[in-house]
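Undergrad: Sequence first, predicted coordinates after that:
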Amino acid sequence: MADESTESRTEEATEKKIGDELERGNAPFSREAALFASVSAMLIIGAFFAQQCIASMTLLLHHLLDDAGGVRLRNGNDAVALMKLVSWDVFKVLIAPFVVFAAGGVLASALQNAPRLVVDRILPNFKRISLTEGWQRLHGARGYAEFSKSVVKLASISVIVLAVLQSQQNKLVNAVALEPEALPELILSVAMKLMSVVCIVTAALLAIDLVWSRFHWRRDMRMSRQEIKDEMKQSDGDPVRKARLRSLAQDRVRKNMIAAVPKATLVIANPTHYAIALRYVKEEGGAPMVISKGQDLIALKIRELAERHSIPIIEDKLLARSMYDSVEVDHPIPPQFYKAVAELIHYLYSKSAAKLASK
């Protein structure tokens, strides 16, 4: 069943799923970054801080040995005071290397993924200590892959270490004849060469592992077509529900348009297919406004209401069709219709004035 589920996931993950997984703390991560950061930190410490730290520790040891006769340890409080003094001096010497190590660890994580607080990672989760889950992780495909990577890494670094030590064999053998003061410099020189080569190897391993981990993470993020459809439903809404809401909205718009017909000044209509209700009141200013329009059944409803409220209906097929396609409800008519509509309004006003005069 698991294989079938994996085989069905043929589509690349959507941006939404990737974002959700990142928020949960599931991000591509290379464990080799920590190793590379540690080796790089050791290399930086050896290049910039080792000699100073060794000199400072040597000087501190000289002071302790020179003043050993003057130290009085009469009780436990004297011992605690001495330990505090020595610890503080050692801390001042080693604070810089500690900062470099800490910065290396933080950068190894931060440069791979943007730092974020994931509460789920902090809260207790008994699945993490489950024997079944642990067994599956160790003996699954990923467990074997991690084991193979560890073997390759260990073998590569071991070969490099042996090769460097072999190249420095003469120096190490002749170190027996050196003065004690020269030994720290020799050891530091060999260690720096060793760490430089190991740093190059771990950098290569890190580059390979970064590509592999991101490829593997992307493959695990793949989705089936059904999962993508379900996600679209959740993000955009159920199509059936959306259609229902759209239908309700259209009904509401139609009702509002029908309710506005009694306020119209005139209705321009195609005999049966189109009807546009216009409102123009000179005192209100502006161009004539389309307050309602409709096609087929709605057009007939507009005509019916217009007749009921004694609103003039003027049949003009070309003008009705052109205005229906060009003007939205609650918008003024465009300039290209000014002349035609003005003539109709003038005709209606003249007709109304003639009626009043005849009375």
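TA: Ah, there it is.
Undergrad: Now for Ala269: which residues touch it?
TA: Going by CB atoms under 8 Å, 6 or more residues apart in numbering, Ala269 touches 275-276, 299, 302-303, 313-316, 320. Bear in mind the C-beta positions are built from the backbone N, C-alpha and C, glycine included.
Undergrad: Name the helix or strand of this protein that has the lowest mean pLDDT.
TA: The helix or strand of the chain with the poorest confidence is helix 2-8; it has a mean of 53 (mean pLDDT, DSSP states H and E).
Undergrad: that older thread, next step: the contacts of Ala269 restricted to strands.
TA: In strands, defined here by DSSP state E, the members of the contacts of Ala269 are 275-276, 313-315.
Undergrad: if we can go back for a sec, can you select the buried ones from the contacts of Ala269 in PyMOL?
TA: This is the PyMOL syntax for the buried subset of the contacts of Ala269, where burial follows 16 or more other CB atoms under 10 Å:
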select buried, resi 275+276+299+302+303+314+316+320
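Undergrad: Just checking the distance from stretch 302-321 to the centre of its chain.
TA: What separates the centre of stretch 302-321 from the centre of its chain is 56 Å, taken as CA atoms, centre = their mean, to the nearest Å.
Undergrad: Then stretch 153-172?
TA: Worked out by CA atoms, centre = their mean, stretch 153-172 lies 44 Å from the chain centre.
Undergrad: Name the residues of that stretch that come out as buried.
TA: 153, 157, 160, 164, 168.
Undergrad: His331 bridge partners, please.
TA: For His331, the beta-bridge partners are Val290 (DSSP bridges).
Undergrad: Tell me if I'm right that it and Pro288 touch.
TA: No. Under the criterion of CB atoms under 8 Å, His331 makes no contact with Pro288, lying 10.5 Å away.
Undergrad: The two: who's more crowded?
TA: Between His331 and Pro288, counting by other CB atoms under 10 Å, Pro288 is the more crowded of the two (21 against 12).
Undergrad: quick one, what contacts that one?
TA: Residues near Pro288 by CB under 8 Å, 6+ apart: 265, 278-280, 332-333, 341, 345.
Undergrad: which of those residues count as buried?
TA: 265, 278-280, 333, 341, 345.
Undergrad: Restricted to helices, list the residues you listed.
TA: The helices, defined by DSSP state H, take in 341, 345 from these.
Undergrad: Need the buried ones among the contacts of Pro288 in a markdown table (columns: pLDDT and distance to Lys229).
TA: Below are the buried ones among the contacts of Pro288 laid out as a markdown table (pLDDT from 0 to 100; distance: CB to CB, whole Å):
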| residue | pLDDT | distance to Lys229 |
| --- | --- | --- |
| Thr265 | 86 | 51 |
| Leu278 | 89 | 46 |
| Arg279 | 89 | 47 |
| Tyr280 | 85 | 51 |
| Ile333 | 87 | 45 |
| Val341 | 86 | 50 |
| Ile345 | 85 | 54 |
